[in-house]
Structure formats: C-alpha cells, structure tokens
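>>> just to be clear, the model below is a prediction. Sequence and coordinates:
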Amino acid sequence: MSRIIPSKYPSLDYELWNAIRLDGTQVNKKIAAAIAVKDKRVESHRSELWTKNGRAQLNFEGDEITGLPAIVDFIGLHPVFEALKTQIELNPEGIFEDIKSSLSSYKQWEIYFEETTMEQWLNINWAAFGHVIGAAVANQGAAEKYWNIQGKDALDSLRFWNDLDYSDPKVSKGDGLPLAKWNDIVQFWADRNYDPDSEIARAIDHPPSAPFRRCFNRIGEEVVMPNPLALGYRKMLYGVLSMNFGEEEPQELQKTYGKTILQKMLREQLVRAGKSGDFGPLILFIHSVCSHHLMRGNVSQQKIGLHLISMLGMRLQLRNVGALNVPDLAATLRTSFPLGSVLKILRDSKLISWNYFELTNVNAEVERLVGLL
C-alpha cells in the first residue's frame, strides 16, 4: 500500500492539514456506523477503504454512491484539545490555579503531589492516556460485537484496585501503605506475573498520571501512597454505575467499562470543556483515568491507543498537527482491529473529529507542497 503523503516527506502532515482543513465534510453518525459495518473484520492495512486511491462515498446503508468523486478521510483529536493547547500557551497560570483549587477536595493531595510542577500538571501523559483509550475501545468493540478481544487491561485495573482495597481499607481513605505491607502485595501479584512496583516508576516523570508513589506521610514514615486522583476517579466511576465499594464484580464491570468511559464520562468532560472554556476539570479527569489504569501491555490495545491516540496527541502538542489522513495511519498501524469500527467508537465518544475530502484536491495539494521542497 502506498501513502497519500510520500514516506520521505512525513513533516508535510502539518502543511497539508492546514491547507485543506476548511474544505472538509464531517462524517456523521450514520455514515460512521455504515463504515464500521462495511469494514468489519478486515485488518486496517488490507481494507479497501483506506488506500491511496481513496474510498467511494457511502449512503447510510453502507452502499457505494455512484457518480461522486473518491474521497480520503482525516482524523484528529476533538477541537477542544487544540483550544486547550492554546490556553495553556496563553494562560498557564490561570489553568494551574483552577487545578489547584480543585485539588483541595482530594485526601492526602498535599503529600502525594508535594513536588509536582505546574508543567507536569498541564501536560497530558499521552502514552498512559493511549493505554486507557485502547483498553476502553477494545472493551466497547467487544460489547458491540465488532470483535472478540476484550479490554483486558481494564479488567486487570478493576480487579487490582478491588483486591487492594479489600486487603487494606486504608487504600480508599488515601492513606499510604507501610513498605512491609506493600512488599507483601508486590509479592502476591508478582506470583501472578504482574509487578505493581513498575507503576511507581511512572511517578518519577509524571506524578498526576501514576497510580502510586513512594513518599513520607505526616509522621515521617515512608509509605507507598495511592494517587488521590485515582481514588477520586474510582469513586466517580462507582457513582456513575450506582454501585458501592464491595458490591462490584470486576468481570461484570468490564462488560460496560468501555462505554462508561467513552460514551459517558469522557464525552461529558469534552462537551463541558468545549462549551465553558474551563479546561481544568478535563485535565484532572484525564490524569485521574490514567492513574487508575494499570498497564499490562496488551499489544492489540496498544495499536489503538499508543499508535493512534497517542500519536495524534503528541503531533498536536509538539508540531500543531491538527489531523492525519487515515490511509497513511492504516498502513502504519497494521492492526488486526477493523479500523472503521475503531473510528466509529472514537467518533461517537467525541474524542476524535472525522472529516473527508475529495481525493483529487488532497493529491493536488500534496503535489504542490512537494514541489515547494
């Protein structure tokens, strides 16, 4: 499969998007659903929908519409992320003050976040967020019968926090665990091929998105403390599901976990931030859901999360790239998940914007930009 943007000119993604962005048409809910059905059970790099030759336009039933020009799809993160990036550049102190005012409602926040910088608070951990989204999409796609693979990372996270809270009720109170107690927990999970200590390493570079951190409590005892944001998210999650701690069965929670995150919690945060221009709650929510998610490295989910969402986030953050063309993404991802179904789920959650453009116009613009080099 060849690319829309020649592989030796990857930086043209920025110029191309800015040149065509005003000429696109949004993929609506019905067309997205039709694409998901048409693309069902086809590997991303083998699908006829994502080639350099573009795709035919479809009606709501997924049938090709004859006589219309071929089109090429572009996806980017929800526009609220561009607005967030702009506000962080213009008024970082203001957003930081909003975040700090919200932290007072979290137990033990002064201890856990004692050395956390403004820069860490304002930066999204795109790798961790990618893992969260990958697991949620895998979970929701299984629930919608697009594939059989479930978001195992989500189940692992739910089960771990449930067991941790059951083994020591101090966890829900935000109290740190003495090192001896923590070491017992580490040994228990190590026997089950998981090392909770590996999560502590995340706190070194980005405390807001790390599940645990070693620190000293109020009496000077060295402890391993759960992230207050993770505990707050867990409480929020149970509130959305109308459940109390101790009532849950992780396997049952997993069945609706993806939909709960994507269609309910994240979507509400994106819509609220877009309408109000208040980005502090959105940043805190992303940090919270990342800190609750324990990474176990499911490769299939990484293809969705790390190689798709994280890539969109990092390119926007570092190079202001607002959107990427889907054929080039499909060739790069080579995921066994049908990409049309993935995009439908992400679009319905409002995490991504999805537009299409006439292929001839896109190719003409690429040719013009290459000619300028």
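It's in.
>>> and the closest residue to Pro208 other than its chain neighbours, which of the three is it?
With sequence-adjacent residues excluded and distances taken as CB to CB, 6 or more residues apart in numbering, Pro208 is closest to His287, at 3.9 Å. The C-beta positions use only the backbone N, C-alpha and C, and glycine is treated the same way. Classification of His287 using DSSP: H, G, I helix; E, B strand; the rest coil returns helix.
>>> okay, now the unreliable bits of the stretch 251-373 of the chain?
Along the stretch 251-373 of the chain, the parts satisfying pLDDT under 70 run over 296-306.
>>> and the strands in the stretch 151-300 of the chain, which stretches?
177-178, 212-216, 222-226 (DSSP state E, counting those that start in this stretch).
>>> could you dump those strands to CSV with distance to Glu268?
Formatted as CSV, the strands of the stretch 151-300 of the chain follow (distance: least, CB to CB, whole Å):
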stretch, distance to Glu268
strand 177-178, 33
strand 212-216, 27
strand 222-226, 25
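>>> Leu316: which of those strands is closest?
Closest to Leu316 of the strands of the stretch 151-300 of the chain, according to CB to CB: strand 212-216, at 28.2 Å.
>>> how about the CA coordinates for that closest one, as PDB?
Taking Å, rounded to 0.1, in the frame of the first residue of the first chain, the C-alpha atoms of strand 212-216 are listed here in PDB:
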ATOM      1  CA  PHE A 212       1.200   5.000  43.300                       C
ATOM      2  CA  ARG A 213       4.200   7.000  44.700                       C
ATOM      3  CA  ARG A 214       6.700   6.400  47.500                       C
ATOM      4  CA  CYS A 215       6.600   9.300  49.900                       C
ATOM      5  CA  PHE A 216       6.700  10.200  53.600                       C
END
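>>> about what we covered before: ok, which of the strands of the stretch 151-300 of the chain comes nearest Gly134?
strand 212-216 (21.5 Å).
>>> the closest one pairs with which strands?
Sheet pairing for strand 212-216, assigned by DSSP bridges, gives strand 222-226 (antiparallel).
>>> average model confidence for the partner strand?
Throughout strand 222-226, pLDDT has a mean value of 93.
>>> for stretch 242-249, same thing?
On average, stretch 242-249 scores 68.
>>> try stretch 192-202
86.
>>> pull up the distance across it, start to finish.
End-to-end distance for stretch 192-202: 21 Å, by CA to CA, to the nearest Å.
>>> same question for stretch 45-60.
24 Å.
>>> and it, what's buried?
45, 47, 49-52, 54-55, 57-58 (16 or more other CB atoms under 10 Å).
>>> need the strands of the stretch 151-300 of the chain in a markdown table (columns: mean neighbour count).
A markdown table is the format used below for the strands of the stretch 151-300 of the chain (neighbours: other CB atoms under 10 Å):
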| stretch | mean neighbour count |
| --- | --- |
| strand 177-178 | 18 |
| strand 212-216 | 19 |
| strand 222-226 | 21 |
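>>> distance of Lys264 relative to Gly313?
Look at Lys264 and Gly313: by CB to CB, to the nearest Å, they are 21 Å apart.
>>> likewise Thr86?
Distance of Thr86 to Gly313, computed by CB to CB: 15 Å.
>>> more neighbours, these two?
Gly313 (21 against 12; other CB atoms under 10 Å).
>>> tally of neighbours for the residue nearest to Phe357 when sequence neighbours are not counted?
In space, and not counting its chain neighbours, Phe357 is closest to Gly24: 5.1 Å by CB to CB, 6+ apart. By the criterion of other CB under 10 Å, Gly24 has 21 neighbours.
>>> could you do Leu90 as well?
9.
>>> just checking, the residue nearest to Pro208 touches Pro211?
No. Using CB atoms under 8 Å, His287 makes no contact with Pro211, being 11.3 Å away.
>>> end to end, how far does stretch 351-369 reach?
29 Å.
>>> buried ones in that stretch?
Under 16+ other CB under 10 Å, the buried positions of stretch 351-369 are 351-359, 361-363, 365-366, 369.
>>> can you check stretch 31-45 too?
Under the neighbour-count criterion of 16+ other CB under 10 Å, stretch 31-45 has 31-36, 38-39, 42, 44-45 buried.
>>> what of stretch 230-239?
Buried residues in stretch 230-239 (16+ other CB under 10 Å): 230-234, 237.
>>> in CSV: those residues, plus pLDDT.
Converted to CSV, the buried residues of stretch 230-239 look like this (pLDDT from 0 to 100):
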residue, pLDDT
Ala230, 94
Leu231, 92
Gly232, 92
Tyr233, 94
Arg234, 90
Leu237, 88
